[in-house]
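S.K.: Curious how this folds, go ahead:
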Amino acid sequence: AVQFCGAERLGHGVRIIDDITGPEGEEQLGRLATFVRDRRIPLELCPTSNVGTGLCASVAEHPIGMLRRLRFRVTLNTDNRLMSATSMSYEMEQLRDAFGWGIDDFEWITINGMKSAFAPFPDRLKIINGIIKLAEKAAKELGEVALEARGLTIASLNPFGTSLKDISFAVKKGEVLAIG
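M.R.: Got it, this is the predicted structure:
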């Protein structure tokens, strides 16, 4: 799909692991994995869904941690929220618990998602610089515990008053019409 059809992203891209060999820390990328990583082709990953379908026994065994370490452009997704009984907040909690991910990791994966969005480049930059990075900066300065004590979350700190954890947007004619 990528090399012959020009796909711009790989939904359920977790199967890229079939082209990665070697023990942890000494992984070798095959030709396809190298092509995908070097061209920054986004891998849309859905850890909870992958556990539910038997790809791995738990989120802790999900290859998202390895793919992040190997610097693939990984995005976090829910797949089917109803069938998987999940949300973006829950997916992030699972990664925090399984891999010890913190604010920097979630900023990285959120920015990856926005870099990979089907939206005009200026709108993607506006959301990255005007929402995601500002919210993460506030969270780092105040600390997650201080935010939670005030009834806030990292996600609630943005100029639009919407949740970054469950952010969605609609774009028409190059304008962001809705965020929320």
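
S.K.: give me the low-pLDDT residue ranges for the chain?
M.R.: Residue ranges of the chain with pLDDT under 70: 142-180.

S.K.: Output stretch 9-22 as CSV, nothing but the C-alphas.
M.R.: Extracted C-alpha coordinates of stretch 9-22, given in CSV (Å, rounded to 0.1, in the frame of the first residue of the first chain):
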residue,chain,number,x,y,z
ARG,A,9,-0.5,6.5,6.7
LEU,A,10,-0.9,2.9,7.9
GLY,A,11,-4.1,2.2,9.9
HIS,A,12,-3.4,-0.6,12.3
GLY,A,13,0.2,-0.2,11.4
VAL,A,14,1.3,-2.4,14.2
ARG,A,15,2.1,-5.2,11.8
ILE,A,16,5.2,-3.3,10.8
ILE,A,17,6.8,-5.4,13.6
ASP,A,18,6.8,-8.3,11.2
ASP,A,19,9.7,-6.6,9.4
ILE,A,20,11.7,-5.9,12.6
THR,A,21,14.0,-8.6,13.9
GLY,A,22,16.5,-9.0,16.7
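
S.K.: so P63 touches P47, yeah?
M.R.: No - contact criterion C-beta atoms under 8 Å: P63 and P47 do not qualify, at 9.3 Å. From N, CA and C alone the C-beta is placed, and that goes for glycine too.

S.K.: quick one, which of these two is more surrounded?
M.R.: Neighbour comparison, P63 and P47: the larger count goes to P47, with 29 against 22 (by other C-beta atoms under 10 Å).

S.K.: That one and G25, how far apart?
M.R.: P47 is 22 Å from G25, where distance means C-beta to C-beta, to the nearest Å.

S.K.: Spatially nearest residue to I17 (excluding sequence neighbours)?
M.R.: Spatial nearest neighbour of I17, excluding adjacent residues (C-beta to C-beta, 6 or more residues apart in numbering): P63 at 4.8 Å.

S.K.: give the contact list for the one you found.
M.R.: 14, 17, 56 (C-beta atoms under 8 Å, 6 or more residues apart in numbering).

S.K.: Now do the helices in the chain.
M.R.: Counting by DSSP state H, the segments of the chain that form helices are 2-5, 31-38, 47-52, 64-69, 81-84, 88-99, 103-115, 121-127, 133-142, 144-149.

S.K.: Nearest approach to T21 belongs to which of these?
M.R.: Comparison of the helices of the chain against T21 by C-beta to C-beta identifies helix 31-38 as nearest, at 9.4 Å.

S.K.: Just the buried residues of that closest one, please?
M.R.: 33, 36-37 (16 or more other C-beta atoms under 10 Å).

S.K.: can you check stretch 97-114 too?
M.R.: Quick answer for stretch 97-114 (16+ other C-beta under 10 Å): 98-99, 101, 103, 105-107, 109-114.

S.K.: Export the residues you listed as a markdown table, with columns for distance to S84.
M.R.: Shown next, in a markdown table, are those (distance: C-beta to C-beta, whole Å):
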| residue | distance to S84 |
| --- | --- |
| A98 | 16 |
| F99 | 19 |
| W101 | 19 |
| I103 | 25 |
| D105 | 21 |
| F106 | 19 |
| E107 | 24 |
| I109 | 18 |
| T110 | 20 |
| I111 | 24 |
| N112 | 21 |
| G113 | 18 |
| M114 | 22 |
